[in-house]
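Peer 1: Need coordinates for the below:
(chains A, B, C and D)
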There are 4 protein chains.
Amino acid sequence: MKAIKDSVHGHVRLGDLAAELVDTPAFQRLRHIKQLSTVRLVYPSANHTRFEHSLGVYHLAGRAVDGLGVDGDTAAHVRAAAMLHDVGHGPYGHQTEGIIRRATGRDHDDVGWLLTDADREVCQVLERNGLDPERVAGLIDGAGALGPLVSGELDVDRMDYLVRDAHHTGVPYGTVDTGRLVTELRLVGGDGAGGSADLVSDPGHAVDLVLDEGNVATAESLLVARSLMNAVVYRHHVSRVAGAMLERACERYLDRTDTDAAAFRRMADHDLLVELRERVPALGERIERRDLYKRAVWAGIDEVPAGTVDAGRAEERTAEREIADAAGVDRDAVIVDIPSRPTLKESGSAVVVDGVPQRLEDASELVTGLRAAERRRWTLGVYCPAERVDPVATAAREVLGLRATERPAP
Amino acid sequence: MKAIKDSVHGHVRLGDLAAELVDTPAFQRLRHIKQLSTVRLVYPSANHTRFEHSLGVYHLAGRAVDGLGVDGDTAAHVRAAAMLHDVGHGPYGHQTEGIIRRATGRDHDDVGWLLTDADREVCQVLERNGLDPERVAGLIDGAGALGPLVSGELDVDRMDYLVRDAHHTGVPYGTVDTGRLVTELRLVGGDGAGGSADLVSDPGHAVDLVLDEGNVATAESLLVARSLMNAVVYRHHVSRVAGAMLERACERYLDRTDTDAAAFRRMADHDLLVELRERVPALGERIERRDLYKRAVWAGIDEVPAGTVDAGRAEERTAEREIADAAGVDRDAVIVDIPSRPTLKESGSAVVVDGVPQRLEDASELVTGLRAAERRRWTLGVYCPAERVDPVATAAREVLGLRATERPAP
Amino acid sequence: MKAIKDSVHGHVRLGDLAAELVDTPAFQRLRHIKQLSTVRLVYPSANHTRFEHSLGVYHLAGRAVDGLGVDGDTAAHVRAAAMLHDVGHGPYGHQTEGIIRRATGRDHDDVGWLLTDADREVCQVLERNGLDPERVAGLIDGAGALGPLVSGELDVDRMDYLVRDAHHTGVPYGTVDTGRLVTELRLVGGDGAGGSADLVSDPGHAVDLVLDEGNVATAESLLVARSLMNAVVYRHHVSRVAGAMLERACERYLDRTDTDAAAFRRMADHDLLVELRERVPALGERIERRDLYKRAVWAGIDEVPAGTVDAGRAEERTAEREIADAAGVDRDAVIVDIPSRPTLKESGSAVVVDGVPQRLEDASELVTGLRAAERRRWTLGVYCPAERVDPVATAAREVLGLRATERPAP
Amino acid sequence: MKAIKDSVHGHVRLGDLAAELVDTPAFQRLRHIKQLSTVRLVYPSANHTRFEHSLGVYHLAGRAVDGLGVDGDTAAHVRAAAMLHDVGHGPYGHQTEGIIRRATGRDHDDVGWLLTDADREVCQVLERNGLDPERVAGLIDGAGALGPLVSGELDVDRMDYLVRDAHHTGVPYGTVDTGRLVTELRLVGGDGAGGSADLVSDPGHAVDLVLDEGNVATAESLLVARSLMNAVVYRHHVSRVAGAMLERACERYLDRTDTDAAAFRRMADHDLLVELRERVPALGERIERRDLYKRAVWAGIDEVPAGTVDAGRAEERTAEREIADAAGVDRDAVIVDIPSRPTLKESGSAVVVDGVPQRLEDASELVTGLRAAERRRWTLGVYCPAERVDPVATAAREVLGLRATERPAP
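Peer 2: Numbers count the residues shown, from 1 in each chain, chains lettered A, B, ... in the order given. Model (predicted):
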């Protein structure tokens, strides 16, 4: 067993397969993809990468399958999937996910193209160790009885990132009790029957991953941690401004160069940072030096027409052009940033109450409140260089049809 | 400046007055009063005392008055009040508060009797240093512009205990950002006017302690931390059983001995533990050895008639007697434990939103959810020795008029 | 598996036997014995007890035997011994060890009298679970191939207490890497042969517990942690003054009452604190209120005649009487505190270097330096009430034959 | 005051000048220079940068000058120097320091060229705020009464990095008590006179920065922390192999391109990583993918002829060529890595003992032991691709004249 020191879990012990997977280029690349992309422009200690996060997820997955009594072949596939769950990420992780999805039709957890490609080392390592790459890719996509452990409402991915992001930002809100969570997981059949290990091997049986009796507060803590981290870290306005600038810069980079989406997806953070500075200097240099656009508009959901809330990237681009023209500024100088409608995926996690598995939203009155809080925090932003804030604000309110509000300028 | 090492705040630096106060017998006694009384029977690391908690509150109060721009005489009084806020506690803190209140009419934060008694060292130290003991006692009771900093919805007391209780239990839910909280506090006049230091010195002015703009999530985190700590720590059923046994034992102790309430209140934990073992051995020995009663009934608020929910100690005692008689067990062997109706004091904390101070319950949709969760978690318990659980359960459901429920026996 | 939350190790999981042992009165009593006795008068957060420490040692022992590949019956005995290693402690732990040894001839880790007594629950629990109480008691005393894991230079006891004492005092020096230590332990035969599990079961084979290749720095860190914790925590002068007062108070208590040594040893901290206040008020009240004696003399090893350094308790008492008489103060008012000669037990721990197990003192040049530092820090103290410091200092220097020194008065 | 969340110090509060300095390009560049360069190939969580480290040093410097009673203009210069102490670093920090020194004659803390250049924002910000850039540059170089606080044996730089590196690697050995260190610093005159603030303003007075009475163990803890971090982190063999590969790659990069030393020094980590991959792919791609050379030789100081221990870069290069030729491998494929002789700068720190400032090496017997341990850990390495280890090992032992040893191959 090889042990790797980890700032969150102490030591992560790697079996032989895991050690081989770590040495593949696809996994080593994760050293160069930061977990929180532009968040580190707000929280300067948040430089942790998807490499150590993936080791942490592997570690928690191992403890969870042990706790579930699942072992052998099935456990090996789950461990491998946990380890590899992020290899499909492009540079700057979630920040380029929309671009890559629009260009390739694939999300970061759709990694069959990578894992099952016999030319690649990951595929070879898996097969050499007797694992089925298709099955690993399926687990990463949430398929099968244990897929939800890797990608679902109660997955080990979020257990690791909430704690890790809290540790590295210094923000105390992501502190969930991973030690308790991984040991309170249970598998139950559609008929409520228990018996984890057997259920997993019975393909004809609907199986749910649930938290055992007495864990409503545990599940709520996961939801609350996510909601507070959203408010204070993941959706911090400075990180959003930088992220939107990065996304625009990437679009222009793809427009201006002959880089195809596949090559783009394979880049690491440092590649992209250099490329953007060289090829899209108006934005790239600003990102590198944290010389960011300012908020011209920062509008709550009640100010924004419903159609605008649901706008896609194309509508954002059109609005950007119209605002720029109306304000008399350069078209590249306006960014419209409309987040998707707020959701709280964790509210669908299942927890046993009085012997019956329930969705957390049915078991906890907190979910309604958290959803409302997420809705309140939803904010549309329009960003531009500091010296153009006034004309852009006026034009943006007009073009986007924003309702008047008491909310003071940011 | 004398520095004391603290497991939570690193170092707490004491000025001369503080160092003198620490040396008084009334303050040294706090070394012998555990912060969480019977919680340590569930969380064995939770042995911290009101001594170090009081030092922590003093530390945070100092940072808060610095942040508010309050200094001189006023700051000195606030610091002294923070340091002394718990000297009125009886043995086992909150666990004996009801008994002492019924016997003396005083709560633990009504400490004028102690601070203004010229025969006592605390009073002498305060006066020797030019402080007014009456004013310090008033602050501990929440009076005056800065009283809410010592005793209120946003007081430094709860900032310290949430973090300290989390640190010492090992539970990750009490993690509030005290560093942010103490620097985001503001004083505003009833007319919304700012200017902390001036407001404090103007006795004709209504003043509110609020969290500055941009801190709804910060305030929510305080509320959530409290709610999760309630669920997992403060109201853990084992601690409640032990606490109820302790309270009954104290009542019997006062009945059987000629100890008066004043002498009882001056006891420390070790005194009480020894006295109960000697004088009320049936309960005292059990508490010392953690040989606890079991739950015969554990009923949610919807099962309990409204009148019963609001029962006082006298009704509890009557019910205990009736249940014991109906079950044919010894009258001392039944404990009925009816908590007061759930409240969340922190929901009244004020936070500035769009320039206007609002109560958190008006600014956050989370409050409703948390209140509902508190209500759901409210539970009536009936406890007795393990071997009498069945007859006591039957008798108790009958006597208390509990409604049928699906909830399984504990 | 029952899980107990621990402030240091997160969760400690108890098997059935462990859970039964925890419920015995002998183990529950450890809740009432503080780990660091009088140290908490200096570090107020240091209120942790031998109860949670014992759980921590049990936890580390389990990880160590897993790492060594030892299981079954042998592992069960080691785990039980780790859990029970401190049940022989008297009130205030090491502080009363000398008194109990002088009265009973037994050290705290000589617990056969307790574990093998068929009238006691501990013995019954062990036998009911198929364990041999004699063998468990032997392990606690360091006997057998795995005895050194429970009581030796590399035992899990010190791994836990160094980290736990650092966590609860807030002092950062006890931070050893327990995660690494427990996985780098190896068993080697007297002939250098490996093969942990086999060696353990071969009674004819001399076996050593060693740290594997590449761990000289790991072993040094343990030694350094101990040395720094000695300097800053364990031998802090205020704790030594209080400890010496406590020891004198206990001697007088045993002289004045008919309490026998066996009953004394069974007391818990709170019992002793109350008894000393009642029966030896001159010292007991002072200890309870932290109204401590002051240092009249504080002399380094070079100032003290060799014979005095090696004085036993009887000589200390004689010196106290002579000093008191010479200074014209009450005989109870002088305490002479002569620590035993400095040792560093950890310097004998074995570590593999270039394939050969060596004693740390042979593998590390640091040991000589640490020993010299321990020697430099050795200090003889004479304590008395503040107002008698001057005459006592003069008389003590005369009676003890201290050499002149430049060292300023404390 | 602007507050920045920091994973180590909680919050770092920035005054106006500090906030302006943070926004300069020279400071923002530090976001892209990792604190521990290649160490993160061993400790994957160690991705922290010189940006947050510099904020931490600024924070500690502020607490130290407060503690020393130094304020006004002098304190402002010290704070600015602490903030800017690392702006002179090239890409990958210390790893390129030798190259830059050989090319420019400047160390990283010789930053006059940068701070006093009126064309640069840093200089402008300093002058606009009434500070003298020359004086700031001098402090960074250790000049003046307070220079040693920024760059010396007791500087706030090492206080921050030891704790920060421990936090981010997860290794528990760098835990020094910064809270105590910064408050126990004193300034004493050459004549032993105290009075911090006055001394600073008296240019005719020799002044020393010392730790106050009672801090020998505190100073030792700093030394021990450094020594253990050296052994386990800073000089870990994998990091050394990667670092040596990086240094060779940089030399070839400068040879092959027309990049001058000044431009090279201005690069950030990501620039260099991309450049090396493109221009020196044989090494650059390996570094990026952590496909590292292996150790062919790993020789202790007693095996190496004295002349070789003191070899410079030129001799290393010659040896590399000779070994490659003798082994029949490509000249680029052999790296000889001879560290400089071990020193422990911290052993010269001054601490007051019995009223007299002494060098730690005179006050503590530990220093000799730590020096010997450093000497024992000194190791010469020869690295090459895994498949050439055998012939390279043989050739290297011959060429370098290594003595035979029992030490097994790594």
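Peer 1: Excluding covalently adjacent residues, which one is nearest to A:Val329?
Peer 2: Leaving aside its chain neighbours, A:Val329 sits nearest to A:Arg388 (4.9 Å; criterion: Cβ to Cβ, 6 or more residues apart in numbering or on different chains). Any C-beta I mention is one placed from the backbone N, CA and C, and that applies to glycine too.
Peer 1: Quick one: neighbours of that neighbour, just the number.
Peer 2: Neighbour count for A:Arg388, taken as other Cβ atoms under 10 Å in any protein chain shown: 20.
Peer 1: what's the spacing between it and A:Lys294?
Peer 2: Plainly put, A:Arg388 is 9 Å away from A:Lys294 if you go by Cβ to Cβ, to the nearest Å.
Peer 1: now the helix or strand containing A:Leu228 and helix B:216-229, what's the angle there?
Peer 2: Under the criterion of DSSP states H and E, A:Leu228 resides in helix A:216-229. The directions of helix A:216-229 and helix B:216-229 differ by 170 degrees, with axes from the mean of the first three to the mean of the last three Cα atoms, to 10 degrees as the criterion.
Peer 1: The residue nearest to A:Val329 in helix, strand or coil?
Peer 2: helix (DSSP: H, G, I helix; E, B strand; the rest coil).
Peer 1: go on, A:Pro357?
Peer 2: strand.
Peer 1: Provide the partner residues of it in its beta bridges.
Peer 2: Taking DSSP bridges, one obtains A:Val352 as the residues bridged to A:Pro357.
Peer 1: Confirm for me that it is in contact with A:Val351.
Peer 2: Yes. The criterion here is Cβ atoms under 8 Å, and A:Pro357 meets it with A:Val351 at 7.1 Å.
Peer 1: returning to what we had before: just checking, the residue nearest to A:Val329 touches A:Ile323?
Peer 2: No. Here A:Arg388 does not reach A:Ile323: they are 10.4 Å apart, not a contact under Cβ under 8 Å.
Peer 1: gap between stretch A:37-57 and the chain center?
Peer 2: Distance, stretch centre to chain centre, for stretch A:37-57: 12 Å (Cα atoms, centre = their mean, to the nearest Å).
Peer 1: Report the mean per-residue pLDDT for the helix holding A:Leu228.
Peer 2: Across helix A:216-229, the average pLDDT comes to 90.
Peer 1: Likewise for stretch A:137-151?
Peer 2: Mean pLDDT, computed over stretch A:137-151, is 93.
Peer 1: before we move on, back to that, state the distance from the residue nearest to A:Val329 to chain C.
Peer 2: For A:Arg388, the distance to chain C equals 50 Å [Cβ to the nearest Cβ, to the nearest Å].
Peer 1: which stretch of helix or strand covers the residue in chain A positioned nearest to chain B?
Peer 2: Chain B sits closest to A:Gly369 of chain A, with a gap of 2.6 Å, by Cβ to the nearest Cβ. Secondary structure assigned from DSSP H and E places A:Gly369 in helix A:366-377.
Peer 1: what's that helix packed up against?
Peer 2: Other helices and strands packing on helix A:366-377, by 3 or more Cβ pairs under 8 Å, 6 or more residues apart in numbering or on different chains; DSSP states H and E, are helix A:216-229, helix A:360-363, helix B:366-377.
Peer 1: cutoff 7 Å now
Peer 2: The contact analysis (3 or more Cβ pairs under 7 Å, 6 or more residues apart in numbering or on different chains; DSSP states H and E) places helix A:366-377 against helix A:216-229, helix B:366-377.
Peer 1: Buried deepest among the ones you listed, which one?
Peer 2: Of all the helices and strands packed on helix A:366-377, helix A:216-229 has the most neighbours on average by mean count of other Cβ atoms under 10 Å in any protein chain shown, namely a mean of 25.
Peer 1: Need the CA coordinates for that helix. CSV is fine.
Peer 2: C-alpha atoms of helix A:216-229 as CSV (Å, rounded to 0.1, in the frame of the first residue of the first chain):
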residue,chain,number,x,y,z
VAL,A,216,-32.2,13.8,9.1
ALA,A,217,-29.9,16.4,10.7
THR,A,218,-26.9,14.8,9.0
ALA,A,219,-28.6,15.1,5.6
GLU,A,220,-29.7,18.7,6.4
SER,A,221,-26.1,19.6,7.3
LEU,A,222,-25.0,18.5,3.8
LEU,A,223,-27.7,20.7,2.3
VAL,A,224,-27.0,23.6,4.5
ALA,A,225,-23.2,23.4,3.9
ARG,A,226,-23.8,23.5,0.2
SER,A,227,-26.2,26.4,0.4
LEU,A,228,-23.8,28.5,2.6
MET,A,229,-20.8,27.6,0.5
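Peer 1: and the direction of it versus that of helix A:366-377, what angle?
Peer 2: Interaxial angle of helix A:216-229 relative to helix A:366-377 (the same axes, to 10 degrees): 0 degrees.
Peer 1: hmm, helix A:216-229 in reach of chain D?
Peer 2: No. Using Cβ under 7 Å from any Cβ of the partner chain, helix A:216-229 never reaches chain D; the gap is at least 12.9 Å.
Peer 1: In this model A:Arg377 seems to touch A:Gly300, though I could be wrong.
Peer 2: No. Using Cβ atoms under 7 Å, A:Gly300 makes no contact with A:Arg377, being 8.5 Å away.
Peer 1: Please give me every residue in contact with the closest residue to chain C within the stretch 251-400 of chain A.
Peer 2: For the stretch 251-400 of chain A and chain C, the shortest gap (Cβ to the nearest Cβ) falls at A:Val352, measuring 17.3 Å. When contacts are counted by Cβ atoms under 7 Å, 6 or more residues apart in numbering or on different chains, A:Val352 is found next to A:210-213.
Peer 1: Check A:Ile140 too.
Peer 2: Contacts for A:Ile140 were tallied using Cβ under 7 Å, 6+ apart; they are A:81, A:84-85, A:109, A:111, A:150-151.
Peer 1: And A:Leu41, by the same measure?
Peer 2: The contact partners of A:Leu41, by Cβ under 7 Å, 6+ apart, come to A:238-239, A:242, A:290.
Peer 1: can you tell me which of the residues you listed lies nearest to chain D?
Peer 2: Closest approach to chain D among these (Cβ to the nearest Cβ): A:Arg290, at 5.2 Å.
Peer 1: my read: that closest one touches D:Gln28, true?
Peer 2: Yes. Contact status for A:Arg290 versus D:Gln28: in contact at 5.2 Å, counting by Cβ under 7 Å.
Peer 1: Which one's more surrounded, those two?
Peer 2: Taking other Cβ under 10 Å, A:Arg290 and D:Gln28 do not tie; A:Arg290 has more neighbours (20 against 17).
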